[in-house]
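Peer 1: Here is the input, now give the coordinates:
(4 chains)
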Number of protein chains: 4
Amino acid sequence: MVFILNPSVKKEKINNFILSWERKGFSTILSVGTEHTAVCLIGNTSQVDLEHVVQTTDIVAYGKRITERYKAVNRNVREGNTIIKVGNAVIGGGCFTVISGPCSVESEEQILKIAKSVKNSGAAILRGGAFKPRTSPYDFQGMQAQGLELLRVVKNETGMPIVSEIMNQTQIGLFEDVDIVQIGARNMQNFDLLKAVGQLKKPVLLKRGLANTIEELLMSAEYIYAAGNSEIILCERGIRTFETMTRNTLDLSAVILLKQKSHLPVIADPSHAAGIRSLVSPLAKAIMSVGADGVMIETHNNPAEALSDGAQSLDLDQFNTLMKELKERAVIEKKEM
Amino acid sequence: MVFILNPSVKKEKINNFILSWERKGFSTILSVGTEHTAVCLIGNTSQVDLEHVVQTTDIVAYGKRITERYKAVNRNVREGNTIIKVGNAVIGGGCFTVISGPCSVESEEQILKIAKSVKNSGAAILRGGAFKPRTSPYDFQGMQAQGLELLRVVKNETGMPIVSEIMNQTQIGLFEDVDIVQIGARNMQNFDLLKAVGQLKKPVLLKRGLANTIEELLMSAEYIYAAGNSEIILCERGIRTFETMTRNTLDLSAVILLKQKSHLPVIADPSHAAGIRSLVSPLAKAIMSVGADGVMIETHNNPAEALSDGAQSLDLDQFNTLMKELKERAVIEKKEM
Amino acid sequence: MVFILNPSVKKEKINNFILSWERKGFSTILSVGTEHTAVCLIGNTSQVDLEHVVQTTDIVAYGKRITERYKAVNRNVREGNTIIKVGNAVIGGGCFTVISGPCSVESEEQILKIAKSVKNSGAAILRGGAFKPRTSPYDFQGMQAQGLELLRVVKNETGMPIVSEIMNQTQIGLFEDVDIVQIGARNMQNFDLLKAVGQLKKPVLLKRGLANTIEELLMSAEYIYAAGNSEIILCERGIRTFETMTRNTLDLSAVILLKQKSHLPVIADPSHAAGIRSLVSPLAKAIMSVGADGVMIETHNNPAEALSDGAQSLDLDQFNTLMKELKERAVIEKKEM
Amino acid sequence: MVFILNPSVKKEKINNFILSWERKGFSTILSVGTEHTAVCLIGNTSQVDLEHVVQTTDIVAYGKRITERYKAVNRNVREGNTIIKVGNAVIGGGCFTVISGPCSVESEEQILKIAKSVKNSGAAILRGGAFKPRTSPYDFQGMQAQGLELLRVVKNETGMPIVSEIMNQTQIGLFEDVDIVQIGARNMQNFDLLKAVGQLKKPVLLKRGLANTIEELLMSAEYIYAAGNSEIILCERGIRTFETMTRNTLDLSAVILLKQKSHLPVIADPSHAAGIRSLVSPLAKAIMSVGADGVMIETHNNPAEALSDGAQSLDLDQFNTLMKELKERAVIEKKEM
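Peer 2: Residues are numbered from 1 along each chain as shown, chains lettered A, B, ... in the order given. Here you go, the predicted structure:
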């Protein structure tokens, strides 16, 4: 159940309203949007007389029952969309935000070269993996803390906000200068990690798990939101199916449904979805055409020598060409780039 | 192994060349394209000295080994794309062809009304199901022969070529006036039916099975081609995955890969892939943006009352709006509509 | 809705009862079991007052609403199990029936040798493919009519009933001497073929499709039953999943659920499910231990030289060992072998 | 590459042998089995002349190349099976070990009652969830530290070793009295957690992820082994497929293949695989019949009131009946229970 409050209700009144529900045994989530403020009631609300609350409380404009299991991230609690700002970049609203960079940070020279190039092509945010989840313990595990340090250096030099994947909550201290913390597909249901990043004061990029449903992705976002962090970016990155010709199967319908069912921004990652370089650019255009808020693309100055995911990385020229194609299409899709 | 022949080789010489291979125990497929003619050799070609053949035969320009299991539909046997013409409609090449109409033919009034409307909006080909594969024996099984007769009437009245699904080879006689014969997803590996439509002198629209790989789709096309029919349209229509919020999962990467690996035209069907009306239009745009040769969209004059697939059918206004959006995007994608 | 009739009601009364419903627009299916006779009503029964019917009709013992979409094959229409007899073999009831033989009939010598050996080991029914559904048009397509003829010869010589796969309804005439007609996984939703074999007076072995749900399998069985043939054997043979180390994934829960939800006999095919010889025997034992009515095992006198499916075929000694192991376990599972 | 050492080689010689390889840039894993000791070489061994090493080193009996990506857990490094002992329980070798208990610890009374009952029925190890990974943040998250404390109390009272799931590495201190640490399906590729439990001196029960391949499960076990812990129990618990009638699809072939490919003990969990009570007992028997080393079964004194997973929990009588059935079958399967 969600109560949409009247405009400009005083904070104290809201707190009292919330307290009154918590005393009755409900949990609450306060959702402060640009248009209005909402209070979500969590618990068994079947006995709550919604009309009665609206009529007897002077701060509530109207109320709605939310039948879905996801409450705070539900589109029903907000009229508008959640818009997230990091540095000069904006995710959500009318923007199409491109995040780009290498799978792994490999050296200062590498990450700096890529950052300058993709920024020049129009990427708004730099990605770079420092802690790498790898199937084999014998594969390159990332530059770790040193990788984050290199990202910080490049962020200072280029002004680009940075996003990097966190693998467990003991690393949180290391992510102070990282602008967006990424939860990888394999950790989408690492609930303790979700709770931990829910306490951060910075955006979280939450990737869909390989075998997780759209509803489960929203429930994982709900974990982060319920822990106190409302800046969540959802990311479709391909699901595991029987098809073996691609690394995963990009589920484009998920992007559309997530936008319909939640107020959170939704992006997609065609690089991991496809696993094949030649599919990345067409899929990126498709992602824009279904109304996504952005795209995350792996790039490398020398894909053939990349320490990870070379086969799916665009080189810097290919990325530049793609950006031109996206900008051309952004006009028709009424997206800012 | 494929031999690309020199231009303007006489038919007799080609026949002799073919015969010489068949005497050695190989099967052959003759592929006559607009640019050049090719002869595919089927069988164990590991002992064939490709260079020797090229040097000792005066009709062969060059040869290639084809490692894939699909031979005649392989892009390697042709420089250009297969282009299929039915009436005024063209599928393949630079066109983006829209096929539209109801899931089931329900009455003359219904099919005529829909046909006129979608033609007016820009659809090139009319679809309509007469024989309906339904999960339950107690569900509406289609108007059958009478449905085909109504399609014929509407074809005459509107001039639109028609496509309809065949369910078994005993029906072939009934499909004389049907311009394109459709093989449904459940019949993609009904090999006897593939062989039968391989003997027709009209195009076949071959839908990917719910759980069939891209390679298996190409192998099924190979069945049709090997039986003598080179006019095949491949159609991605969603695969079965663990996700339950959509009817199927549209595999857009498959469209791109099919175009890379085969010279055949490739379209997609967002209606069956999604199963939800609100996903159809965004997916249709995405399908265009990855380079498909067309799209197949279910429409109905009154979706709420449709005898089948109402939930995924666009109404005629929605279809008209989609067509405008597609035409706008066709310019940027350099597609004729 | 199903009406269980009183014992020894006269045929004429039953016919009148059925007619009275058909006049009201319902379809009916008459189900004659060993214990009792039932009449299934197909159509919108929401307005039918079940109690009223029971009280006003003297031939009805009691009635039940069937909420599942499958009606005639539903366990609710029968107290006991459907038991199918072919020659000396029995499928269903307390028996564990082993069907064995080669993937493909290759020669009289081959099929006769295998038949004698598997019969000697205790197999009750001989399998042998004459028409082979193959992914590639260039692979061995089976001996076709000649293969069926060889099966007939071996049947006469050994006395074993035979089962072989039909690929389309034009072949029905050729299957006169085949005791059980098999519908392969790829044809599970070839509805016209289901209707055709529904008119036969012999048992049908219906294999689950690679990507078909348990409910869809029951609906396909319902097609056959509704067309007039109540002798249907359901066969789980592995489904398609993301796992690539096995050919398919045997869904053993499906065997248990099918037995719970339907009165039809249920067997499983570990050879196709696994695709790897060393998995076949342990899986066969597992199939017995969950209560299946039998198992279908591919065997070959020389698997290394088999024209198809050699990798998953047991040789004759391995089969003999397996049979001993199964017989040992049959005692504990209270199954006759 | 693995080198099997001669019997009774002195520790110092082994250390020198290992050091000589590490100086050349290889990683090594020392595997001490009951029969022999092996040294695994990790790295690019393509230039290592295996024969030369065997002939020039007096401590090596023979060597083998391991082509699989999993090295230390590979069956090739050991002749026998890894056998794990906890308290009076043994996992692996000729035993069939039953682990049982509730999904969640709910109270001292509950867990004590269940423990005594399942012990009485023959369960060797008690399971009980204290930290619960739940899809929704609003669902019961387990009794946490208090739950572990109750397990400790019950362990002392009954003498049963206990297994409980760890959700992140910060909890390790709390698991001091837990005999076997469980890694849940959602954490199978939480690589940092794998490395952390790899440093424990107690067995780890590693569950297969919902969408992880058999090879990936072995690679995750390799993470634990490579970090220093060789006591790993692999657990198949069902994978996610398109079928919706069951919670997951038990992949019984995986049990067989894991036993073939690794020396580690392999158990399965039919409760989570099926999600339906009536499937648990037949699946448990099937798991025994394919050669698993044990089974993990959820039980509850009052399933209807369980705080989690009630629908798939056996009550204590049902469990007792199942244990009798398993013991009967253990004789025939030559397993100790």
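Peer 1: If you tally nearby residues, what's the number for the nearest residue to A:M143 once chain neighbours are set aside?
Peer 2: Counting by C-beta to C-beta, 6 or more residues apart in numbering or on different chains, A:V105 is the residue found nearest to A:M143 once chain neighbours are left out, at 5.3 Å. Any C-beta I mention is one placed from the backbone N, CA and C, and that applies to glycine too. Residues contacting A:V105 under the criterion other C-beta atoms under 10 Å in any protein chain shown number 29.
Peer 1: Give me every residue in chain A lying close to chain C.
Peer 2: A:A211, A:R240, A:T241, A:F242, A:T244 (C-beta under 8 Å from any C-beta of the partner chain).
Peer 1: out of those, which are buried?
Peer 2: A:A211, A:R240, A:T241, A:F242 (16 or more other C-beta atoms under 10 Å in any protein chain shown).
Peer 1: so what's the residue nearest to A:M143 up against?
Peer 2: Applying C-beta atoms under 8 Å, 6 or more residues apart in numbering or on different chains, one finds that A:V105 lies in contact with A:I111, A:G128, A:G129, A:A130, A:G142, A:M143, A:G147, A:L150, A:L151.
Peer 1: Pull the most distant pair out of those.
Peer 2: A:I111 and A:G142 (12.3 Å; C-beta to C-beta).
Peer 1: Look up how far chain C lies from the residue nearest to A:M143.
Peer 2: 30 Å (C-beta to the nearest C-beta, to the nearest Å).
Peer 1: and that residue, what pLDDT?
Peer 2: Reported pLDDT at A:V105 in the predicted model: 97.
Peer 1: measure it to A:Q318 for me?
Peer 2: Remark: distance between A:V105 and A:Q318 (C-beta to C-beta, to the nearest Å) = 20 Å.
Peer 1: Okay, and A:K116 sits in which element?
Peer 2: helix A:108-121 (DSSP states H and E).
Peer 1: Give me the contact list for that helix.
Peer 2: By C-beta under 8 Å, 6+ apart, helix A:108-121 touches A:100-102, A:105, A:126, A:128, A:150-151, A:153-154, A:157-158, A:160, A:299-301, A:316, A:319-320, A:323.
Peer 1: Among those, name the ones in strands.
Peer 2: Secondary structure from DSSP state E places A:S100, A:G101, A:L126 of those in strands.
Peer 1: Could you take those and lay them out as a markdown table, with extra columns for distance to D:I267 and pLDDT?
Peer 2: Listed next are the ones in strands among the contacts of helix A:108-121 as a markdown table, based on distance: C-beta to C-beta, whole Å; pLDDT from 0 to 100:
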| residue | distance to D:I267 | pLDDT |
| --- | --- | --- |
| A:S100 | 45 | 98 |
| A:G101 | 43 | 98 |
| A:L126 | 45 | 98 |
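Peer 1: of the residues you listed, closest to chain B?
Peer 2: Within those, proximity to chain B (C-beta to the nearest C-beta) peaks at A:S100, which comes in at 19.2 Å.
Peer 1: hang on, A:A311 in a helix?
Peer 2: Yes: under DSSP: H, G, I helix; E, B strand; the rest coil, A:A311 sits within a helix.
Peer 1: pretty sure it contacts A:A274?
Peer 2: No: using C-beta atoms under 8 Å, A:A311 is not in contact with A:A274, being 9.7 Å away.
Peer 1: Who has more neighbours out of the two?
Peer 2: Neighbour tally, A:A311 and A:A274, criterion other C-beta under 10 Å: the higher count belongs to A:A274, 26 against 15.
Peer 1: wait, what's in contact with the nearest residue to A:I125 once chain neighbours are set aside?
Peer 2: Leaving aside its sequence neighbours, A:I125 sits nearest to A:I99 (C-beta to C-beta, 6+ apart; 4.3 Å). By C-beta under 8 Å, 6+ apart, the contact list for A:I99 reads A:A123, A:A124, A:I125, A:L126, A:R127, A:V163, A:I267, A:G294, A:V295, A:M296, A:I297.
Peer 1: List just the nearest of those residues to A:I83.
Peer 2: Nearest member of those to A:I83, counting by C-beta to C-beta, is A:G294, at 12.1 Å.
Peer 1: For that closest one, which non-adjacent residue is closest in space?
Peer 2: A:T97 (3.5 Å).
Peer 1: one step back: name the nearest of the contacts of A:I99 relative to chain C.
Peer 2: When the contacts of A:I99 are compared against chain C (criterion: C-beta to the nearest C-beta), the nearest one is A:M296, at 23.2 Å.
Peer 1: mind checking which helix or strand the closest one is in?
Peer 2: Counting by DSSP H and E, A:M296 is part of strand A:294-298.
Peer 1: can you check A:Y62 too?
Peer 2: Going by DSSP H and E, A:Y62 is in strand A:60-64.
Peer 1: Alpha carbons of that strand, as CSV, please.
Peer 2: Written as CSV, here are the backbone C-alpha positions of strand A:60-64 (Å, rounded to 0.1, in the frame of the first residue of the first chain):
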residue,chain,number,x,y,z
VAL,A,60,-2.6,12.1,2.3
ALA,A,61,-3.7,13.0,-1.2
TYR,A,62,-4.6,9.5,-2.2
GLY,A,63,-3.6,5.9,-1.6
LYS,A,64,-3.2,2.8,-3.8
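Peer 1: about what we covered before: please produce a markdown table containing the ones in strands among the contacts of helix A:108-121, extended by distance to C:S8 and neighbour count.
Peer 2: Converted to a markdown table, the ones in strands among the contacts of helix A:108-121 look like this (distance: C-beta to C-beta, whole Å; neighbours: other C-beta atoms under 10 Å in any protein chain shown):
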| residue | distance to C:S8 | neighbour count |
| --- | --- | --- |
| A:S100 | 80 | 30 |
| A:G101 | 81 | 31 |
| A:L126 | 84 | 29 |
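Peer 1: For those, give me JSON lines that also has distance to chain B.
Peer 2: Converted to JSON lines, the ones in strands among the contacts of helix A:108-121 look like this (distance: C-beta to the nearest C-beta, whole Å):
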{"residue": "A:S100", "distance to chain B": "19"}
{"residue": "A:G101", "distance to chain B": "23"}
{"residue": "A:L126", "distance to chain B": "26"}
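Peer 1: For the stretch 101-250 of chain A, give me the ranges with low pLDDT.
Peer 2: Nowhere does the stretch 101-250 of chain A drop to pLDDT under 70.
Peer 1: ok, which residues in it are in contact with chain D?
Peer 2: Contacts of the stretch 101-250 of chain A with chain D, taken as C-beta under 8 Å from any C-beta, map to A:133-138, A:167-170, A:186-187, A:189-193, A:195, A:209-211, A:216, A:219, A:222-223, A:226-227, A:240.
Peer 1: make it 6 Å
Peer 2: Listed as neighbours of chain D in the stretch 101-250 of chain A under the rule C-beta under 6 Å from any C-beta of the partner chain: A:133, A:135-138, A:167-168, A:186, A:189-192, A:210-211, A:216, A:219, A:222-223, A:226, A:240.
Peer 1: Please flag which of those sit within helices.
Peer 2: Secondary structure from DSSP state H places A:F191, A:D192, A:E216, A:M219, A:E222, A:Y223, A:A226 of these in helices.
Peer 1: can you redo the residues you listed as TSV with neighbour count and distance to chain B?
Peer 2: Output for those, formatted as TSV (neighbours: other C-beta atoms under 10 Å in any protein chain shown; distance: C-beta to the nearest C-beta, whole Å):
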residue	neighbour count	distance to chain B
A:F191	24	20
A:D192	21	25
A:E216	18	10
A:M219	26	13
A:E222	28	16
A:Y223	28	19
A:A226	22	22
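Peer 1: Among these, list the two that are farthest apart in space.
Peer 2: A:D192 and A:E216 (16.4 Å).
Peer 1: which residues sit against the helix ranked longest in chain A?
Peer 2: Counting by DSSP H, the longest helix found in chain A is helix A:316-332. With contact meaning C-beta atoms under 6 Å, 6 or more residues apart in numbering or on different chains, helix A:316-332 is reached by A:F96, A:S117, A:S121, A:G122, A:S281, A:A284, A:M288, A:T299, A:N301, A:M337.
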